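>>> Could you look at this predicted model? Sequence included:
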Amino acid sequence: MRSVITLMLTVTLLVLITTPCLVKANDELLQLQKDPNQWVMWGGDYSGQRYSKLKQINKRNVKNLQVKWTFSTGVLRGHEGGPLILGDTLYIHTAFPNKVFAISLKDQTIKWSYQPKQDADVVIPVMCCDTVNRGLAYGDGKIFLQQANTKLVALDAKTGKVVWSVINGDPKKGETNTNAPLVVKDKVITGISGGEFGVRGHLTAYNIKTGKEIWKAYSVGPDNEMLVDPKTTTHMLKPIGKNSSLKTWQGDQWKLGGGTTWGWYSYDPDTNLIYYGTGNPSTWNPSQRPGDNRWSMAIFARDADTGIAKWVYQMTPHDEWDYDGVNEMILVDQKIKGKMRKTLVHFDRNGFGYTLDRVSGELLVAEKFDPKVNWATHIDMKTGRPQLVSKYSTDRNGADVDTKGICPAALGSKDQQPATYSPRTGLFYVPTNHVCMNYEPFEVAYTAGQPYVGATLSMFPAPDSHGGLGNFIAWDATTGTIKWSIAEPFSVWSGALATAGDVVFYGTLEGYLKAIDAKTGKELYRFKTPSGIIGNVNTYVYQGKQYIAVLSGIGGWAGIGMAAGLEGDTDGLGAVGAYRKLSDYTQLGGVLTVFALPD
Amino acid sequence: MNKPSLIILFLIYLFGTVQVQSHDYPTIERVKFVHECMALHGGQIYENMYSCSCMIDHIANNMNFDQYIKADAYQRMRNMRGERGGLFRSSKTARDIRAQFNQIKSNAQGLCFRAITKPTVQGAKSAIN
């Protein structure tokens, strides 16, 4: 015991000595995230569990919830992410043009607002999948906004004044941003979107005080640009060796390699590792890029200070279906086969729920979290590779052949909307898609700033099932089994929240906020917000009262398509489809709805 | 109490009963429909309120609330950009549900807006903004 303490002291001292000025911001956030009254980052805390210790609202009284106040963002289109709550202020963001509002919790007045100037004609045409933004980050007295045009902005949390800003990419090359940044120590971590435009993904750390770049780690390419060490960086517990990425691409295809980083980032202060996933390799036509296309579709664990990867795990080598690996990484401690493990749990778009040892990168569990998943039979636990089913291989069937009945669809069995974990039940609560597809790849040539997709898709509800497009499931990550499943008419695209009141909250595309019993999944409450919910449900306390807050905002009004000339927009795929001016209808936009129990 | 008022009371009773049986729509949803409908028809004027209320009553007589919510969601989601919207734009289920919904709505529109001319009230447009 004494030696452990000595070791801990030594390590702490070393950290203090080597990083004297870094400790402050980290300490502040580490303290703040322990206070359940506030909600200071996307996941509630660094672990991404989205679990709140609050229990004023519990499974017995949740049925009495009422709307206490609402706030219209005045912006159309999908509103992802959720509010941050710091002290007496709520910070909320919007879809493009990415406005930020600081709202007083005392009287709901706007303390300050920030509206960036972004060129819609340049940015919007290169945003593949709606003009969403997944929210803000806080640290060092600043609110961080990652704008769509790739500008990362630091705003004074008290005044909204711009402290610094930095350009993280180039929309003319198809680079955009949708992610929420993450603050770790003295760094602001951000990624890049544009996998449908041949963008080479990277994760980048900027100095929290100045915006100066500290490190940048590409997902694909030469070792030095990926910040990997051939000897110490491991895959399936073995060193990755030299040119681990370059060897798995033909010619210069890696330069358009994709592996973008538009999801959520988690952090473990004990391992000092940042965890995140990489997206699809470009193009969607697999026969144009033979090889495993490393390290697209992978989980990275990187040292927060240096960016050097400790381990990496590729879920879908040589993707043939657009199963981006960017979904959230949830860090928990659970007993697996009788042994306590520090785990990372990840529900991949490819339909498998993965449990890894987050210290070593060892693969512990990999099972389907939707029984309809058919592109692979299982994951080989020795190699970590999915065992493919040839009739669903779009590569084997080749270009210009329509491969039918692949489950899941390109949307994945789950998209970015983060799941939640309750340490009280030991279960994960996962919003999912229940959708399959036909997929026809075709030859495509690269032009900078133009869609680089190369596949035509059609999607439909999973056949021979309940007919709906989604499920909300409870998952045991220690064994890889579904505990129970709620059939949903639509895909569930809202981030979930579990609380110590044994209630789990999530939103639906019809616009319902639902509360269910964490043990049984029984529905306890529902309320229909103004439009579809793809935002994350967050919770906080102000003056002794617990509140539940969620953004709604997708689809606008039923009649608006006709009214705004949108009816002709039938293109099946993201990267296409022109942007229409909808300024006449801005009052129909996103709405933050805040609930509490009656006074 | 005279005879005509008794008849009226009886009619109110009958009508009220019929309404309870045929509508399972929450008040919020009907108010919301009327608000949106008025805005899309030029603003909050009485003619629009009459026609739009008539429309939602007609819709409620032709589909139950669950069907309405589902169809309404498909209708809204078709405007979603990107690959995710593709599911709602092009799938057969989506198109069938939408076609049926549009038919009911267009019948309601024909029935309820027949006698009403386009609003000419000044400032009607700004009333919704």
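Perfect, I can see it now. The shown structure was predicted, so the numbers you read here are calculated from the model rather than taken from an experiment.
>>> make it CA atoms for all contacts and neighbour counts henceforth
Noted.
>>> from memory residue A:87 sits against residue A:39, does it?
No. With contact defined as CA atoms under 8 Å, residue A:87 does not count as touching residue A:39 (9.3 Å).
>>> More neighbours: these two, which one.
residue A:39 (26 against 16; other CA atoms under 10 Å in any protein chain shown).
>>> hey, what's residue A:162 bridged with?
The partner list for residue A:162 in beta bridges (DSSP bridges) reads residue A:155.
>>> what pLDDT does it get?
Looking at residue A:162, its pLDDT is 98.
>>> Report how many residues lie close to the residue of the stretch 201-350 of chain A found nearest chain B.
Closest residue of the stretch 201-350 of chain A to chain B, CA to the nearest CA: residue A:322 (11.0 Å). Other residues near residue A:322 come to 27 when the count uses other CA under 10 Å.
>>> which residues touch it?
Applying CA atoms under 8 Å, 6 or more residues apart in numbering or on different chains, we find residue A:322 in contact with A:280-281, A:284, A:410-411.
>>> Now with 6 Å, please.
Residue A:322 makes contacts with A:280, A:410, as judged by CA atoms under 6 Å, 6 or more residues apart in numbering or on different chains.
>>> cool, and the one 4 residues further on?
Under the criterion of CA under 6 Å, 6+ apart, the contact partners of residue A:326 comprise A:263, A:277-279.
>>> Looking at these, spot the one nearest residue B:49.
residue A:263 (44.8 Å; CA to CA).
>>> how close does that closest one get to residue A:360?
22 Å (CA to CA, to the nearest Å).
>>> For these two, indicate the residue with more neighbours.
Neighbour totals were compared for residue A:263 and residue A:360, and residue A:263 leads with 28 against 17 (other CA under 10 Å).
>>> Can you pull the residues of the stretch 51-200 of chain A lying near chain B?
A:128-130 (CA under 6 Å from any CA of the partner chain).
>>> Columns distance to residue A:467 and neighbour count on top of the residues you listed, output as JSON lines?
Shown next, in JSON lines, are those (distance: CA to CA, whole Å; neighbours: other CA atoms under 10 Å in any protein chain shown):
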{"residue": "A:128", "distance to residue A:467": "28", "neighbour count": "24"}
{"residue": "A:129", "distance to residue A:467": "25", "neighbour count": "21"}
{"residue": "A:130", "distance to residue A:467": "26", "neighbour count": "25"}
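>>> Out of those residues, which sit inside strands?
Among those, the subset assigned to strands under DSSP state E is empty.
>>> which residue packs closest to residue A:547, ignoring adjacent ones?
Leaving aside its sequence neighbours, residue A:547 sits nearest to residue A:596 (CA to CA, 6 or more residues apart in numbering or on different chains; 4.9 Å).
>>> Give me the next element, helix or strand, following the lowest-mean-pLDDT helix or strand in chain A.
Sorting the helices and strands of chain A by mean pLDDT, DSSP states H and E puts helix A:560-563 at the bottom, at a mean of 40. On the C-terminal side of helix A:560-563, the closest following helix or strand by DSSP states H and E is strand A:591-596.
>>> in terms of contact count, name the helices or strands touching that next one.
Strand A:591-596 sits against strand A:66-72, strand A:545-552, with contacts defined as 3 or more CA pairs under 6 Å, 6 or more residues apart in numbering or on different chains; DSSP states H and E.
>>> now the helix or strand following the first one, how far from the chain's geometric center?
Meaning strand A:66-72. Sequence order places strand A:80-81 as the next helix or strand after strand A:66-72, per DSSP H and E. Strand A:80-81 sits 9 Å away from the centroid of its parent chain (CA atoms, centre = their mean, to the nearest Å).
>>> Residue of the stretch 51-200 of chain A nearest chain B, please.
For the stretch 51-200 of chain A, CA to the nearest CA, closest residue to chain B: residue A:129, 4.0 Å.
>>> and residue A:226, backbone torsions?
phi -90, psi -10 (degrees, to the nearest 10).
>>> scratch that, residue A:544
Given degrees, to the nearest 10, the pair of backbone angles that residue A:544 has is phi 80, psi 0.
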